[in-house]
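Visitor: Sequence first, predicted coordinates after that:
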Amino acid sequence: MTTTGTNPAEPHAGTREAGPRVEILPARDVPLGGPRAMTVRRTLPQRARTLIGAWCFVDHYGPDDVADTGGMDVAPHPHTGLQTVSWLFSGEIEHRDSLGVHAFVRPGELNLMTGGHGISHSEVSTPVTTVLHGVQLWVALPEQHRHTARDFHHHAPRPVALDGGEARVFLGTLAGDTSPVPTFTPLLGAELTVHPHSTIALTVDPAFEHALLVDRGDVTLAGDVERAGTPVRPAALGYLAPGSTTITVTNTGDEPARTVLIGGTPFEEEIVMWWNFIGRSGDEIVQARNDWEKGSRFGEVHGYDGGRLPAPELPSIPLKARGRVR
């Protein structure tokens, strides 16, 4: 997926709740790039918080009736210094990249693409898709690995039964299940379903910071120190600072709730994030943009019906490095 703003780290500020740990990061509507601008709800990055672990980007979209919206059609576009994580609730997306991978994103199946020094890919919802609904997440690569080779992994996690719900662990370890997909920093990613009027309590690593994205349902989130959970509305992100050994997610409604839990050890490096590039300086971003415009470094995507996305113009002010909010 591709961003369209000149600096995705400049959205609206989040609102800190009165509780000692939970912070609510509201979503904002953002059109995707390309001739068909599908609207997504973005909760990360924003001025209040740039990173959660190494997670640096969270887009949530749908449910979209493809007959009305046209679905997803994102032409070939580049990435550097990051991994893309695609996870669907409904629909199907065709993925093609310059590594030569031709794959499909389907509900409950992880597609993880490592951009490293440079990769390009396209994403198109397939003709069988009637309703498109899911999340797109990015992971910043640490200095030691940010120029690594292009790579791609697919994983279909098994459902793990919980007291009060179910988990599908697509990255990291949770509820006794571990994803086989390798990461360059300690990470967690899981879809959580919570039964009506039920609570799930999850043992987590206290060294991690965590965030819960609510897709649907009446959900509250609590760490170790809260006496009562903090409500997290659909499309919002509830953040928990490091220190909790247990995370509690409660569904107070009459219908099943669906959420996505992400986490990781605090990412201490500052990053420059612009369009689809992550670097450490403005000069690196300028070079990546020039390489894309010249047609070098990122390879070619074969099989997409159409041209590639041009890079937007760089801002007139210098790009600033941003790090974790403490």
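Guide: Received, thanks. Computed from a prediction, not measured in an experiment: that's the story for all the values here.
Visitor: Could I get the full set of helices for the stretch 201-326 of the chain?
Guide: With DSSP state H, counting those that start in this stretch as the criterion, the stretch 201-326 of the chain has helices at 282-294.
Visitor: Low-confidence stretches in it?
Guide: Confidence mapping of the stretch 201-326 of the chain against pLDDT under 70 gives the ranges 227.
Visitor: mind redoing it with 50?
Guide: With pLDDT under 50 as the threshold, the stretch 201-326 of the chain has no low-confidence stretch at all.
Visitor: What ranges does it have for its strands?
Guide: Using DSSP state E, counting those that start in this stretch, the strands of the stretch 201-326 of the chain run over 209-216, 219-222, 230-232, 237-240, 246-251, 257-264, 272-274, 277-279.
Visitor: Pull up the gap between D205 and L221, please.
Guide: In this structure, D205 lies at 17 Å from L221, with CB to CB, to the nearest Å as the measure. The way it works is simple: take the backbone N, C-alpha and C, and place the C-beta from them, glycine included.
Visitor: try R96
Guide: As defined by CB to CB, R96 lies at a distance of 37 Å from L221.
Visitor: between these two, who's got more neighbours?
Guide: A side-by-side neighbour count of R96 and L221, using other CB atoms under 10 Å, places L221 first with 28 against 19.
Visitor: Touching, the more buried one and L212? I think so.
Guide: Yes - using CB atoms under 8 Å, L221 and L212 qualify as a contacting pair, with a distance of 5.1 Å.
Visitor: Spell out which residues are contacts of both of these two.
Guide: A shared contact of L221 and L212, defined by CB atoms under 8 Å, 6 or more residues apart in numbering, is any residue touching both; here these are 232, 238, 240, 247, 249.
Visitor: Name the residues of the host helix or strand of Q83 that are buried.
Guide: Under the criterion of DSSP states H and E, Q83 resides in strand 82-90. Residues of strand 82-90 classed as buried: 82-89 (neighbour count, 16 or more other CB atoms under 10 Å).
Visitor: Quickly note the distance from the spatially most central residue of the chain to T84.
Guide: Central residue of the chain (CA atoms, centre = their mean): L137, 1.4 Å from the mean position. Taken as CB to CB, the spacing of L137 relative to T84 amounts to 8 Å.
Visitor: re earlier: can you name the two of the buried residues of strand 82-90 that sit furthest apart?
Guide: By the measure CB to CB, those have their two most distant members at L82 and F89, which lie 22.8 Å apart.
Visitor: List the contacts of Q144.
Guide: Going by CB under 8 Å, 6+ apart, Q144 touches F184.
Visitor: For it, which three-state class applies?
Guide: Using DSSP: H, G, I helix; E, B strand; the rest coil, the three-state assignment for Q144 comes out as helix.
Visitor: Please report the distance of A207 from F267.
Guide: Computed as CB to CB, the A207 to F267 distance reads 12 Å.
Visitor: Between the two, which has more neighbouring residues?
Guide: Counting neighbours by other CB under 10 Å for A207 and for F267 shows that F267 has the greater number, 23 against 13.
Visitor: does that one really touch T50, like I thought?
Guide: No - at 9.1 Å, F267 and T50 do not qualify as touching, with contact defined as CB under 8 Å.
Visitor: Now do the contacts for L137.
Guide: The contact partners of L137, by CB under 8 Å, 6+ apart, come to 55, 57-59, 84-85, 87, 189, 262.
Visitor: go with 10 Å
Guide: Neighbouring residues of L137 by CB atoms under 10 Å, 6 or more residues apart in numbering: 1, 44, 55-60, 83-87, 112, 170-171, 189, 213, 260, 262.
Visitor: For it, name its beta-bridge partners.
Guide: According to DSSP bridges, the partner residues bridging L137 are V58, V85.
Visitor: Likewise for P78?
Guide: The bridge-partner assignment for P78, based on DSSP bridges, gives S120.
Visitor: That one and P231: what is the separation?
Guide: Remark: distance between P78 and P231 (CB to CB) = 39 Å.
Visitor: and what of V131?
Guide: Using CB to CB, we find V131 at a distance of 27 Å from P231.
Visitor: what about F277, how many residues close to it?
Guide: One way to gauge burial is a neighbour count; for F277, by other CB under 10 Å, it gives 26.
Visitor: quick one, what contacts it?
Guide: Counted by CB under 10 Å, 6+ apart, F277 has contacts 3, 78-82, 115, 118, 271, 284-289, 291-292, 311, 319.
Visitor: Can you flag the buried ones in the residues you listed?
Guide: The neighbour-count criterion (16+ other CB under 10 Å) marks 3, 78-82, 115, 118, 271, 284-285, 288-289, 291-292, 311, 319 among the contacts of F277 as buried.
Visitor: picking up where we left off before, give me the common contacts of F267 and T50.
Guide: Taking CB under 10 Å, 6+ apart as the contact criterion, the residues that touch both F267 and T50 are 56, 140, 323-324.
Visitor: What about those, which one has the most neighbours?
Guide: Greatest neighbour count in the shared contacts of F267 and T50, by other CB under 10 Å, goes to C56: 25 neighbours.
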